[in-house]
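S.K.: Pasting the sequence and the predicted model now:
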Amino acid sequence: MKTFLTATLVTTLLASSALAQDLTDIRFTLGWKTQGSDAAFFVAKDKGYFEEEGLNVIIDQGEGSGATVTRIMGGAYDAGFGDINAIIQNASERPDDAPVMVYMMWNQPPFAIVTKKESGITSIEDFQGRTLGGAQGTPTTRLLPVFARTNDLDMEAIEISNMAPNLQEPMLIRDEIDGALVFNITSYFNLLANRQDPEADYDWWQFGDYGMDLYSNGLMVSQRLLDENPDAVAGLVRAVNKASIEIGVDQDTAMEAVVNYDNLVNAEIERQRLNFAYERLMASEEAAEIGLGDVDDERLARAIDIVVEGYGLTATPAVDQVFSREFLPPREERELVYEAD
């Protein structure tokens, strides 16, 4: 009996080792530090969805959703979660190197201007004659001139105060600026951390509501991975889609996976951020029509034009340089039902 058990154990270990050797390594970068809005990647790993697709996905924290693009272009990562607008910029300047978005997650843009309700700003016209604080290089700051032109605002009448991202909310709270040029999914929770009520005491002027019909973050992969292992790309998309759809009705499992990855996160705040992402960035009318993960080509073409103008690019990338739906699961498998807990 002892000999039989030992032989069985050896056989099992060898089989497990062979399976591990057969998995394709995917080096994956998040858009920032661990956040609840990243839950789909952690769920896909914890529940074995990546492994079922023959993938060993190694997930690292990020340095910004735009930095995801440069990390992939530099060859350190095969895939990641980041901003399609950074892809557009690099597809214009380095078309042979820029990654490609293969699964759009944040159908609605997080770019916004946040102001205090007590500021007296009751319309976007009131930005004129005021000071807005922005971090250089962020999409919200760089696209403000296009926002102004689109809405007939005098950009020269708006003063921009350049500052580090971590100073925006504190300076807004202290009335040192009249508004902050932000990502709503970041700034909202920064205000909470500063014991503010972002709903009751602040107004959020969303770029998407004022003619800036942009897309935002999703799953992107390197051109090398697309060329050399399209099956791995398809498996990666299937696994992330499966997890994303499940999270819509099960935030408990999602948060367990987030905490499993990083037990130092504030689980309460990150659960709120997860729900914020689903409610305000993912569960849109367009996503309900075409399914999570896809884009509308005409809308993306308009978004590309906005970014080309805002970033002063010399070449306009084609839609298929920026996004590929080749690896999307069937429409019926991408039906997002969101039920907040």
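M.R.: Here it is on my side, so go on.

S.K.: Going by residue numbers, what spans are strands in the chain?
M.R.: With DSSP state E, the ranges of strands along the chain come out as 24-29, 55-60, 79-83, 100-104, 111-116, 131-134, 159-162, 179-183, 202-206, 217-221.

S.K.: ok, the most centrally placed residue in the chain to D38 distance?
M.R.: When C-alpha atoms, centre = their mean is applied to the chain, the residue found nearest the centroid is N217 (2.9 Å). Shown here: N217 relative to D38, a distance of 10 Å by C-beta to C-beta, to the nearest Å. The way it works is simple: take the backbone N, C-alpha and C, and place the C-beta from them, glycine included.

S.K.: shared neighbours, the two?
M.R.: Common contact partners of N217 and D38 (C-beta atoms under 8 Å, 6 or more residues apart in numbering): 31, 81.

S.K.: Now do the contacts for the nearest residue to Q321 once chain neighbours are set aside.
M.R.: Of all residues not flanking Q321 in the chain, A91 sits nearest, at 4.8 Å (C-beta to C-beta, 6 or more residues apart in numbering). Each residue near A91 by C-beta under 8 Å, 6+ apart is listed here: 98, 317, 321-322.

S.K.: most neighbours, which of those?
M.R.: Greatest neighbour count in the contacts of A91, by other C-beta atoms under 10 Å, goes to V322: 26 neighbours.

S.K.: correct me, but that residue touches D297?
M.R.: No - with contacts counted by C-beta atoms under 8 Å, V322 stays clear of D297, the gap being 10.3 Å.

S.K.: just to revisit the earlier point, out of the contacts of A91, list just those in helices.
M.R.: Among the contacts of A91, the members found in helices (DSSP state H) are 321-322.

S.K.: Closest to W205 out of the contacts of A91?
M.R.: Lowest distance from W205 to those (C-beta to C-beta) belongs to V322, with 26.4 Å.

S.K.: Kindly provide the distance from that closest one to I304.
M.R.: 7 Å.

S.K.: cool, G36 as well?
M.R.: For G36, the distance to I304 - C-beta to C-beta - is 30 Å.

S.K.: Then E156?
M.R.: On the measure of C-beta to C-beta, E156 and I304 end up 27 Å apart.

S.K.: The two - which one has more neighbours?
M.R.: I304 (26 against 8).

S.K.: re the thing from before, which stretch among the strands of the chain comes nearest R71?
M.R.: So among the strands of the chain, strand 24-29 is nearest, using C-beta to C-beta, at 5.0 Å.

S.K.: buried set for that closest one?
M.R.: 24, 26-29 (16 or more other C-beta atoms under 10 Å).

S.K.: Given it, what are its sheet partners and their directions?
M.R.: Partner strands for strand 24-29, per DSSP bridges, with pairing direction: strand 55-60 (parallel), strand 79-83 (parallel).

S.K.: Off-centre distance for the shortest one?
M.R.: By that I understand strand 79-83. 7 Å (C-alpha atoms, centre = their mean, to the nearest Å).

S.K.: What's the mean pLDDT across that strand?
M.R.: Average pLDDT, strand 79-83: 96.

S.K.: T141: neighbouring residues, count only.
M.R.: A total of 22 residues lie near T141 under the criterion other C-beta under 10 Å.

S.K.: What distance do you get for it to V182?
M.R.: 9 Å.

S.K.: Return the residues in contact with R130.
M.R.: Counted by C-beta under 8 Å, 6+ apart, R130 has contacts 119, 121, 158-159, 178-179.

S.K.: okay, stretch 155-166 in CSV with CA atoms only?
M.R.: Extracted in CSV, the C-alpha atoms of stretch 155-166 (Å, rounded to 0.1, in the frame of the first residue of the first chain):
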residue,chain,number,x,y,z
MET,A,155,-9.2,78.9,-22.9
GLU,A,156,-7.3,82.1,-22.3
ALA,A,157,-9.8,83.0,-19.5
ILE,A,158,-9.1,79.8,-17.7
GLU,A,159,-5.9,79.7,-15.5
ILE,A,160,-4.2,76.3,-15.2
SER,A,161,-2.2,75.6,-12.1
ASN,A,162,0.2,72.7,-12.7
MET,A,163,0.7,70.4,-9.7
ALA,A,164,1.4,66.8,-8.7
PRO,A,165,-1.7,64.6,-8.8
ASN,A,166,-1.6,64.0,-5.0
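
S.K.: All set, thanks.
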